[in-house]
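Q: Sharing a sequence plus its predicted fold:
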Amino acid sequence: MKTRDTAYTRKTITYLTAAFSLSLLVSGCGNSSKPSEAAKPSSTPTENSNTASTTANTPTPATKIKVVAAENFLGEVAAAIGGDRVEVASIINNPDADPHAFEPTADTSKAVNDAQFVVYVGVGYDTWMDKLLKASSSSSSKTIIEVGSELLGKKDGDNPHVWYDPTSMPKLADALADKLAKVDPSQADAFKKRAQDYKTNLAPLSDLVQKLKQSSPSPIAVSEPVFEYMSEALNFKAVNPKFAKAIEEEADPGPGDIAALQNDIKEKKIKFFVQNTQVDSPTVKNMVDLAAKNGIPIVHVTETEPQGKNYVQWMTDQLNEVKNAIGVK
C-alpha cells in the first residue's frame, strides 16, 4: 500500500523489481475468467526491429501474432477474437495494482517493443504505454488500438475509465477483428466470427443495462468518477462532481462540497452512493457511513478487474448491486 500526505490513500502494488511478470493468455483462452498470473512474454524469436513493416505484419502460419494489452480486460477481448492465432500478454493483471502509478520494467519495455499489436485505453489513463511506444524501435510497424480516442472519440482530459461505457467492448471486438484481418487476411472470416460470438456473450450485460435504465435522469452520489460512463448509460447523474473530482485527484474536497453531499444524503435526495472500494479516504468513509446510517444503498465498484472474474462477470456483479439498490426485480 502506498501512503500519501493527503487524506487519500490508493491501494497499490509497487513495481520496483524485474520480478514483475506479464499475464500470458494462452491461445484460444479468450473466454477464460482467470488468466495465467506468472508467465513472461513468449521467448519465440521476433522480427528484427528494423525489419520493414510489411514483413513484421505478415506472420507465417506457424508464428502467432504477438499482442500486448495494457490492461487484462482488454487482453481478454484480444484473446477471444484472435483465438489460436494470437499470443496475448496483459501488463496490468493484478486487481490491487494502481494503473496510474505503474512503472514499466525492462520486461515490459521488451514485450511492447516485440509486439506486433498493442491495445490500451489511452486518453491520459495509461500514459506509460504512450512512452513505451514512442521509445520502441519498431513502433512504425505496429498495429495499435487506443480505445478511448479511436473507438469512443474521447480526448485527454475526458474521463478515461472508458471500459465502463457499455459500447466499449463490442466496438473493441469489431476493431480487433478488422485489424487482425489486415495482419493475417487468411483468418479474416474466423476473426469476424469470433467477434460476433464475443458480442453475443455480451448480450446479457446489454440487456441488464436496458432493464436498469431510468426513464428520466435520477440523482446519485459517487466517491469518484470511475463509474460515470455506466451511470450515464443507466440515466443516473452524480450530484457531487466537484467532490468526486477532488477525490480522484488525491485532494481534499472543499468544505462546501462536503456539506452539500452530507445534506443530500441526510435528505435522501440520492438513489444510492457509488463507492470505489480500491480507494481509502477518511472523507469517503465518513460519507459511506453517513449513507448507511440514513438508509442510502451503497454500490461497490472497482477500477481494476477482480481476480477470477472476466469482464462480463465483473460488470454484471456491479450492475446487480445497482439493481438491488433501486429495487428492480
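A: Looks like it came in fine.

Q: Quick check: closest non-adjacent residue to residue 179.
A: Nearest residue to residue 179, sequence neighbours excluded (Cβ to Cβ, 6 or more residues apart in numbering): residue 143, at 5.2 Å. Placement of C-beta: from N, CA and C, glycine included.

Q: Run a quick neighbour tally on that neighbour.
A: 19 (other Cβ atoms under 10 Å).

Q: shift numbering so it begins at 649
A: With the count now opening at 649, the last piece we talked about shows up as residue 791.

Q: Please pull up the helix or strand immediately following the lowest-mean-pLDDT helix or strand in the chain.
A: Ranked by mean pLDDT, DSSP states H and E, the helix or strand of the chain with the weakest confidence is helix 701-704, at a mean of 38. Next in sequence after helix 701-704, counting helices and strands by DSSP states H and E, comes strand 713-719.

Q: which SS class is the residue nearest the centre of the chain?
A: For the chain, residue 811 is the residue whose C-alpha lies nearest the centre (Cα atoms, centre = their mean; 5.0 Å). Three-state assignment for residue 811 (DSSP: H, G, I helix; E, B strand; the rest coil): helix.

Q: and it, what is it in contact with?
A: For residue 811, the residues meeting the contact criterion (Cβ atoms under 8 Å, 6 or more residues apart in numbering) are 719, 721, 722, 769, 795, 817, 959.

Q: Likewise for residue 818?
A: Neighbours of residue 818 in contact, by Cβ under 8 Å, 6+ apart: 847, 850.

Q: pretty sure residue 868 is in contact with residue 885, am I right?
A: Yes: if you go by Cβ atoms under 8 Å, residue 868 and residue 885 touch, sitting 7.1 Å apart.

Q: Find residues that contact each of those two.
A: Applying Cβ under 8 Å, 6+ apart, one finds that residue 868 and residue 885 are jointly contacted by residue 879.

Q: who has more neighbours, those two?
A: Neighbours were counted for residue 868 and for residue 885 using other Cβ under 10 Å; residue 868 has more, 25 against 14.

Q: At which residues are the helices of this protein located?
A: Assigned by DSSP state H, the chain shows helices spanning 701-704, 720-730, 754-762, 775-783, 800, 816-831, 836-860, 876-881, 889-896, 903-914, 930-941, 959-974.

Q: tell me the angle of the last one relative to helix 720-730?
A: What that stands for is helix 959-974. Using axes from the mean of the first three to the mean of the last three Cα atoms, to 10 degrees, the direction of helix 959-974 lies 130 degrees away from that of helix 720-730.

Q: For the residue of the chain most remote from its centre, give its distance to residue 974.
A: Farthest-out residue of the chain from its mean C-alpha position, per Cα atoms, centre = their mean: residue 915, at 34.3 Å. Residue 915 sits 18 Å away from residue 974, taking Cβ to Cβ, to the nearest Å as the criterion.

Q: quick revisit: do you know the pLDDT at the residue nearest to the centre of the chain?
A: We have a pLDDT of 99 for residue 811.

Q: picking that back up, is the residue nearest to residue 827 in a bridge, and if so with what?
A: Beta-bridge partners recorded for residue 791 (DSSP bridges): residue 765.

Q: Make sure it is actually in contact with residue 767.
A: No: counting by Cβ under 8 Å, residue 791 sits too far from residue 767 to count as a contact (9.2 Å).

Q: Give me the pLDDT for the residue nearest to residue 976 when sequence neighbours are not counted.
A: Leaving aside its chain neighbours, residue 976 sits nearest to residue 860 (6.1 Å; criterion: Cβ to Cβ, 6+ apart). In this model, residue 860 is scored at 99, pLDDT.
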